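Visitor: The following block contains a protein sequence and its predicted model.
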Amino acid sequence: MIPTQSLSITLVQLDAGEDIERNLESARCGVRKAAEAGSKLVIFPENVLYRGTRCGVRKTAQTAAEYRQLLAPLAREFKTVCVWGGIALRDGDQVYNALVAFDERGELICEYRKIHLFQLLDTDSPVDERKTFAAGTQPAEFSVAGWRIGAGICYDLRFPELYRCYAGAHLMLCPASFTAFTGKAHWQVLARARAIENQCFFAAVNQCGTHEALGVETYGHSLVADPWGLVLEELDAAPGEMHCVLEPSALTRARATVPALNSIQQGRLSPG
């Protein structure tokens, strides 16, 4: 069912570092500006609270209960749903790269653990998330004002089968710390592809600046693509906020013009 009302969202592009308090203050500023713009949903990038060394990530990891105590008050204060992109979530002996979302009452409404862990090999600054995180196993979605929303994180953008799990959703998310090396070639085209094949809005919010601990430059260029695959808004490579209003009519128009979602076959296709 298509939502009956538009949805105002804000993407907060950050240049986060190892100072958690500084990162939190930047996030708070972003939520305040989003609330002033009338947004009902605020999305932060991957590594929003801490962008540092592997050792530092594991040291600063917190449990879901600890994150609720830290982050839920912000959602309650500004009366907006806050999606915290990739944060280090501790569960027993494991640490996951997780997306958590809190609603206006400060209730946890989504927890997604990144399924596809990033590897950037054969470069001067290789990256392997598998050395830091355990992999998640389940997709996760939530709703805001009648809008069904599917979750993913960064490297997940390259795996259409994850986003196809949310077929019929109205908005899909990809908080990221996409590198400049891969971003220049792949960021926009992949985001647009996920929007087109699922005939939904797609919000991809990225880190910018240089990941000092790894010496890796991130790409920025947070964007929102519509269900036809057109980029509605896009930031440059500097920190900032982007406010966007998503109209249900765009969903209706795309799905009526090319009714591809009606042709999705259940289960795997058989050869021959």
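Guide: Happy to help now that I have it.
Visitor: The most centrally placed residue in the chain and residue 254, how far apart?
Guide: With distances taken as C-alpha atoms, centre = their mean, residue 175 lies nearest the centre of the chain, 2.4 Å away. Here the distance between residue 175 and residue 254 works out to 24 Å (C-beta to C-beta, to the nearest Å). Bear in mind the C-beta positions are built from the backbone N, C-alpha and C, glycine included.
Visitor: Show me the strands in the stretch 101-250 of the chain, by range?
Guide: With strands called from DSSP state E, counting those that start in this stretch, the stretch 101-250 of the chain shows them at 108-113, 119-120, 127-128, 141-144, 147-150, 171-176, 201-206, 208-211, 216-219, 223-225, 231-234, 240-246.
Visitor: Just give the number of residues close to the closest residue to residue 95 other than its chain neighbours.
Guide: Leaving aside its sequence neighbours, residue 95 sits nearest to residue 61 (C-beta to C-beta, 6 or more residues apart in numbering; 4.6 Å). Residues lying near residue 61 (other C-beta atoms under 10 Å) number 22.
Visitor: OK, contacts around residue 61?
Guide: Residue 61 makes contact with 88-90, 95 under the criterion C-beta atoms under 8 Å, 6 or more residues apart in numbering.
Visitor: Now with 6 Å, please.
Guide: Residues in contact with residue 61, defined by C-beta atoms under 6 Å, 6 or more residues apart in numbering, are 88, 90, 95.
Visitor: re the thing from before, nearest to residue 25, out of the strands of the stretch 101-250 of the chain?
Guide: For residue 25, the closest of the strands of the stretch 101-250 of the chain is strand 240-246, at 14.4 Å, according to C-beta to C-beta.
Visitor: Next, the angle from the closest one to strand 171-176.
Guide: 170 degrees (axes from the mean of the first three to the mean of the last three C-alpha atoms, to 10 degrees).
Visitor: Doesn't residue 50 belong to a helix?
Guide: No: read with DSSP: H, G, I helix; E, B strand; the rest coil, residue 50 is coil and lies in no helix.
Visitor: Look up phi and psi at it.
Guide: Here is the backbone geometry of residue 50 (degrees, to the nearest 10): phi -150, psi 130.
Visitor: quick one: it from residue 22, how far?
Guide: Distance from residue 50 to residue 22, counting by C-beta to C-beta: 10 Å.
Visitor: when you compare where the longest helix anywhere in the chain runs with where strand 201-206 runs, what's the angle?
Guide: When the chain is parsed with DSSP state H, its longest helix is helix 180-198. Put simply, helix 180-198 runs at 170 degrees to strand 201-206, going by the same axes, to 10 degrees.
Visitor: mind checking how far helix 180-198 is from the chain centre?
Guide: Mean C-alpha position of helix 180-198 versus that of the full chain (C-alpha atoms, centre = their mean, to the nearest Å) differs by 13 Å.
Visitor: What lies in contact with it?
Guide: Contacts of helix 180-198 (C-beta under 6 Å, 6+ apart): 157, 163, 178, 202, 204, 217, 219, 225, 229.
Visitor: sorry, back to before: can you pick out the residue with more neighbours from residue 50 and residue 22?
Guide: Taking other C-beta under 10 Å, residue 50 and residue 22 do not tie; residue 50 has more neighbours (21 against 11).
Visitor: pretty sure that one is touching residue 62, no?
Guide: No: contact criterion C-beta atoms under 6 Å: residue 50 and residue 62 do not qualify, at 10.0 Å.
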